[in-house]
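>>> Whatever this is, show me its structure:
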Amino acid sequence: MSYVIAIGGTGTRFLESVIHLCAAGLGPAKLSLILIDPDTANGNIDRVEKIIETYKKCRDIFSRFIKEENFPLFKTEINYYGSTSPVLPGKNNLEEHFSFYGLRKDYQNLCNLFYTEDERKEEWDKGFKGRANLGAPVMADIESRLDNPPWDTFINDIQATLNNGICHLFIAGSIFGATGASGFPTIAKILREREWDKKSNLRIGGILILPYFYFDVPQKVEGLYADSRNFLVKSKSALSHYSFVWKNGSSYDRIYFIGDRYHHKLGNFSKGGMDQENPLNWVDVIASSSLFHFLSDTQNTGISTEYYEESKETKYYYARRKKKEVIGWEDIPLSNFKEMVSIFAVFAMSYQKFFKPLMDDENFDKRKVLIPWYLDSFKHLKDDKEAPQLKNILEYMKHFVRFINQVQNTSNNELKVKLFQDQALENLDFGNLLIDKPKVNYKNDRIFDILCKRNWEEKGEATGDLFHMLYQSSKIFCDKYYF
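Numbering: from 1, shown residues only. Here you go, the predicted structure:
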């Protein structure tokens, strides 16, 4: 079992990318996940939790195919402990956290030296507003919470894994914000120094995500807020601090770095809460690949290590582009990324755009004698028992297509993402999916013909059998026309 701690909004988007790659068949056997963010109402958290829930339902549907090598979807067993705030109950700002008015005068003066009055009084219900100095004392107190849910179960499971062998723990967060920057060094230190049994079996890795986006701030915004114009300064300051505290060695075995000099512009400004639901970026995809690289010591995750360089003095890793102004398939450091993601995309898009409308047609049942893959074996698809399963798989397909659409749409005037055809993603045109391949004419006829020629063995519920066949047909389609 491997464990992931995702910190803050950037960590949450990293986690979302990890889950989608696991759904496509690129993940390890098992992953345990926990989210840390004081802004528990953050829109990105709500989205990723819905994705995790749908992922688990899909995995249950395909459970009888999990051991098949030619059906890799949803093979990663995901254990989600939930999201948790580092903020203690009843201590929702710095004055409450420090019991400021109960301090001696000289301690109050010291606090005033490091924090403005606005910073002391700012409520944390929507996070630390881009100020790592606000998050630092809160993160230091996480050690006192490890005996409480959900940390207690998380810690007990890590100990159980340590008892049986190597345990991989991976931490992800940004360095330019507040929650990630304050939590990244502190949480690793707390867990490294904890009195574990068989402590030598613990491996800790992490990724620090540097600035890669910006947003415009409205002219009139009340209170404290994060300002992307300060991201580079904050990153430099945080790195300087880490250099100081790690001068005798860090708590990490490996640290990865990823960012982008060409910052992508986000849409609407938000101070936090449900309104803050940022899209994923190609940086999030490459960041998630660092987790698989970290796990590659003991698990076959298909990582291609040629994309990473390791210094002989330190264990710091970074990824780089092949071309200055282009992100292409060769820049994603997972050896099977193009194939696995493309097959899942064709699988999802062909069902949404072609097979579902076909099966929903009121005349479909009348023509089933002409459709060998439907005759007899799939006549129960419209039963009440099968309907929720069809809905769950369709929901995840929509999540996945939106994911690759968001990644593709992070192109700007300075950097072009050349993975998929923009219009193909918007129109669910799976015959014109890859940017480096010609359009497949008569795509619906071709994939329908593949499906009709498939031999299958009925193994259980109709929904699982149908999508098992659809995936195999999508793979044949991609092997013939795309790879």
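
>>> How confident is the prediction for residue 305, by pLDDT?
On the pLDDT scale, residue 305 is placed at 41.

>>> Could you list which residues are in contact with the closest residue to residue 420 other than its chain neighbours?
Leaving aside its chain neighbours, residue 420 sits nearest to residue 408 (4.8 Å; criterion: C-beta to C-beta, 6 or more residues apart in numbering). For the C-beta atoms, the positions are set from N, CA and C on the backbone; glycine is no exception. By C-beta atoms under 8 Å, 6 or more residues apart in numbering, the residues touching residue 408 are 417, 419, 420, 422, 425.

>>> Got phi/psi on residue 408?
Dihedral angles of residue 408 (phi, psi; degrees, to the nearest 10) stand at phi -60, psi -30.

>>> And the one 4 residues further on, by the same measure?
The phi and psi values for residue 412, taken as degrees, to the nearest 10, are phi -140, psi -170.

>>> I'd say it and residue 264 touch.
Yes - contact status for residue 412 versus residue 264: in contact at 5.9 Å, counting by C-beta atoms under 8 Å.

>>> With neighbour numbers in mind, choose between those two.
residue 264 (20 against 13; other C-beta atoms under 10 Å).

>>> Can you give me every residue that contacts that one?
212, 213, 214, 281, 410, 412.

>>> Mind pulling up the pLDDT for residue 65?
Looking at residue 65, its pLDDT reads 90.

>>> From residue 404, how far out is the closest residue to it other than its chain neighbours?
Using C-beta to C-beta, 6+ apart and skipping the chain neighbours, the partner closest in space to residue 65 is residue 71 (4.4 Å). According to C-beta to C-beta, to the nearest Å, residue 71 and residue 404 sit 20 Å apart.

>>> higher neighbour count, those two?
residue 404 (23 against 18).

>>> wait, isn't residue 88 in contact with residue 140?
No - in this structure, residue 88 is not within contact of residue 140 by C-beta under 8 Å, at 11.7 Å.

>>> now the helices: where do they sit in the stretch 151-300 of the chain?
Counting by DSSP state H, counting those that start in this stretch, residue ranges of the helices within the stretch 151-300 of the chain are 151-164, 179-193, 231-245, 282-295.

>>> same thing with the stretch 1-150 of the chain?
8-23, 43-61, 94-98, 105-114, 117-121, 132-140.

>>> Pick the most buried one from the ones you listed.
Across the helices of the stretch 1-150 of the chain, averaging neighbours per residue (mean count of other C-beta atoms under 10 Å) puts helix 8-23 on top, at a mean of 27.

>>> Output the contacts of residue 408 in TSV; the columns should cover distance to residue 481.
As requested, the contacts of residue 408 are arranged in TSV below (distance: C-beta to C-beta, whole Å):
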residue	distance to residue 481
417	22
419	17
420	15
422	19
425	17
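
>>> Got a quick ChimeraX command for the buried subset of these?
Buried members of the contacts of residue 408, defined by 16 or more other C-beta atoms under 10 Å, are picked up in ChimeraX with:
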select :417,419,420,425
